[in-house]
Structures are given as C-alpha cells and as structure tokens.
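S.K.: Need the 3D shape of this:
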Amino acid sequence: MTDHLSQDWLTPAIAFSVSVCGSLLGLAFAARARRARGVARWQWLILAALSLGGMAVWSMHFIAMMGFRVPGVSIRYDAFLTLVSGVTAVVVMGAALTMTIRKRTLPWILASGALAAAGVVSMHYTGMASMNMHGAMHHEPFYITAACVIALIASTVAMWFSARLRGAPAIVAASLVMAVAVTSVHYTAMMGVHVMDPDAERAGPPEGSTAADLLLPVIVGLFVLLLVCSLFLMLGEDEERVDYSRSGADTPRPRTSAPQAAADYTPRHGVRATPPPAADDVWRRPRR
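M.R.: As a prediction, this is how the structure comes out:
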C-alpha cells in the first residue's frame, strides 16, 4: 500500500516555490504579449508557455514526484514519456495562451481554460505512466474527478489572469494563487494512487532511470530557462521605454544663422519685437 503522509515538507515546499517562479514569469510574459504586435507577440507567448507549462506545471510535478515513495518498491522513470509529458504541458499551455491573447472575451477564456486543464491533466497522468515499478498502480476515480475539476478551475483562472491583470502587485498575488492551484491538482491526484504488491517476486530493479539521474538535467534546464527569461524581461523593460527616435528627439535639427535665430526669437513675456527696416539702419544711413 502507499503511505501518502510519509514524505517530509521539504519536497512540496521546493515544488511550490518553483511553481510560484514559473507562474510569475509566465504572467509577466503574458502581460507583455498583450501589448506587443507581430513577431514580438509570438516571442512573449513562447516564453509564457515555457514558463507556465514547463516551470509552473511540469517542473513542479517532477520535483513533487521526487518525494513519492512506496515502501519496499523501487521506482524508475521512462525518460521518453517524461519528456513527452513536459512537451505536452508547454504546447497545450501555448495554444491556450494564444487563444486568450487573441480574443479576450469570456467564451474564449473559458475555452482556453478547458484546453489548459486538459493539458495539465494529460501531463500529470503521462508522467505517472512513465513510472516503472514491480507492482500494480491504481487510481481512484473520485480523486481523478476531483483533480480534473480543480485543474479546470485553476486553468480558467490562470487564463483570466493572463488576459486581464496589470501591474506587479497583481501579478505576484496571482502567481501565488496559481501555484496553490497547480500544487493542489498534483497532490489531489496523488491521493488516489495506490500501489499493490506484485504477485511474484522479481529480481532486480525495473527498467528506466532513477529520479536522481533525471534531477541534474531538470536543475540545469530550470537554471537556463530562468536565466533566459530574466534576460528577456530586462531587455523588454528597455524596449518599453520612450522611443525617442520615433518622437524625433534624436533627430538633428538644421542649424540656423545668428540673424535668423534673432529674428525668430519670441520673448517669453511681452510682444514679439518687429525688426526695423533696413533703410533706418544708422550705420547705413547716407551722410549729408
């Protein structure tokens, strides 16, 4: 049988923190995508999909699975199915974000939320299918249904956040809400997992990679993704500042001569003086 309360609180805390970071970056990129046009919009959407699907959802799931233990049972992971689960989360989240950004109406937000929820649930159970062990794994229908309902609500709220939120305080608060929702989906689904002992003893561990073998690529990938996303955020701040080249501030003005500048000068107070006619110039006046 499976003891769901045997793991410590360190692994869930790390998984939750990673989900917060991914949600924060994803919502920030989604806000940039709303204001961008053309190729720049697709750039921000890709980064938002990588942050939400790859970091907030998939990485949180994988790190949380590091704390999953079955007494007396060795667990191995199929690297291909693990990769497929991550790609599924990123692709589906990207499609849902594209729907939300293009048409920010309630029907489209609900449809994109349903699509994102399907992606989250598919990612979770594809990741569960990647687990190899000497035993039979069963999922209780009640917890499957509960996880799907939570995923639908959480994904719809996430799509609404990505379409409506503005400002750093709102994005930070929404990131915490999203991380709580994503974590709840995972651990609700895991509460319905039961592993039964095999009928016959099998020699040696099952096929696949250990969690420690996959941990290093995940850590390196998260670090690179976080570095790239931070770089894009900093560059995006510079691009959103005032574009002086468009306003003409950096355009060189034609130089004017001193007499013309004096003639064009208008006093700040008073009426502009009319220059005297050339015939009244005292130096050019004819002598008598």
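S.K.: Please verify my assumption that Met196 contacts Gly135.
M.R.: Yes - here Met196 reaches Gly135: they are 5.9 Å apart, a contact under CB atoms under 8 Å. Just so you know, the C-beta spots here come from the backbone N, C-alpha and C atoms, and that holds for glycine as well.
S.K.: So between these two, which is more surrounded?
M.R.: Gly135 (19 against 11; other CB atoms under 10 Å).
S.K.: contacting residues for the more buried one?
M.R.: 70, 73, 195-198 (CB atoms under 8 Å, 6 or more residues apart in numbering).
S.K.: Make a PyMOL selection of whichever of these turn out to be buried.
M.R.: Selection of the buried residues among the contacts of Gly135 in PyMOL, burial being defined by 16 or more other CB atoms under 10 Å:
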select buried, resi 70+73+195
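S.K.: Any chance of the contacts of Gly135 in JSON lines with pLDDT as columns?
M.R.: Output for the contacts of Gly135, formatted as JSON lines (pLDDT from 0 to 100):
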{"residue": "Val70", "pLDDT": "75"}
{"residue": "Val73", "pLDDT": "74"}
{"residue": "Val195", "pLDDT": "79"}
{"residue": "Met196", "pLDDT": "77"}
{"residue": "Asp197", "pLDDT": "70"}
{"residue": "Pro198", "pLDDT": "66"}
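S.K.: Return the member of the contacts of Gly135 nearest to Pro206.
M.R.: For those, the minimum distance to Pro206 (CB to CB) is 9.2 Å, reached by Val73.
S.K.: Assign the closest one to helix, strand or coil.
M.R.: Assigned with DSSP: H, G, I helix; E, B strand; the rest coil, Val73 falls in the coil class.
S.K.: List the buried residues in whatever helix or strand Met234 lives in.
M.R.: Met234 belongs to helix 211-239 when elements are defined using DSSP states H and E. Within helix 211-239, the residues that count as buried by 16+ other CB under 10 Å are 211, 214, 218, 222, 225-226, 229, 232, 236.
S.K.: Can you add pLDDT and distance to Val87 and give these back as a markdown table?
M.R.: What follows is the buried residues of helix 211-239, written out as a markdown table (pLDDT from 0 to 100; distance: CB to CB, whole Å):
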| residue | pLDDT | distance to Val87 |
| --- | --- | --- |
| Ala211 | 73 | 19 |
| Leu214 | 77 | 15 |
| Val218 | 76 | 14 |
| Leu222 | 74 | 16 |
| Leu225 | 76 | 14 |
| Leu226 | 74 | 19 |
| Cys229 | 73 | 18 |
| Phe232 | 71 | 21 |
| Gly236 | 61 | 26 |
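S.K.: Nearest to Arg37 among the residues you listed?
M.R.: Gly236 (13.9 Å).
S.K.: quick one: the helices in this protein?
M.R.: Remark: helices assigned in the chain by DSSP state H are 10-35, 39-49, 60-65, 79-102, 106-129, 141-164, 168-191, 211-239, 244-247, 258-264.
S.K.: Least confident secondary structure element in the protein?
M.R.: The least trusted helix or strand in the chain, going by mean pLDDT, DSSP states H and E, turns out to be helix 244-247, with a mean of 42.
S.K.: quick one: low-confidence ranges for the stretch 1-150 of the chain?
M.R.: In the prediction, the stretch 1-150 of the chain carries residues with pLDDT under 70 at positions 1-7.
S.K.: List just the nearest of the buried residues of helix 211-239 to Thr105.
M.R.: Gly236 (26.3 Å).
S.K.: out of the buried residues of helix 211-239, what pair is the most spread apart?
M.R.: Top of the distance list for those (CB to CB): Ala211 and Gly236, 35.4 Å.
S.K.: so what pLDDT did Arg202 get?
M.R.: You'll see Arg202 listed with a pLDDT of 61.
S.K.: Please apply the same query to Glu237.
M.R.: As predicted, Glu237 sits at a pLDDT of 55.
S.K.: Make residue 1 into 587 and carry on from there
M.R.: Yes, from this point I'll number from 587; that puts the last item at Glu823.
S.K.: wait, what's in contact with Leu751?
M.R.: Neighbouring residues of Leu751 by CB under 8 Å, 6+ apart: 613, 617, 757, 760.
S.K.: ok, the third one touching Ala616?
M.R.: What it means is Ile757. No - if you go by CB under 8 Å, Ile757 and Ala616 don't touch, sitting 9.1 Å apart.
S.K.: between the two, what contacts are shared?
M.R.: What both Ile757 and Ala616 touch, as defined by CB under 8 Å, 6+ apart, is the set Phe747.
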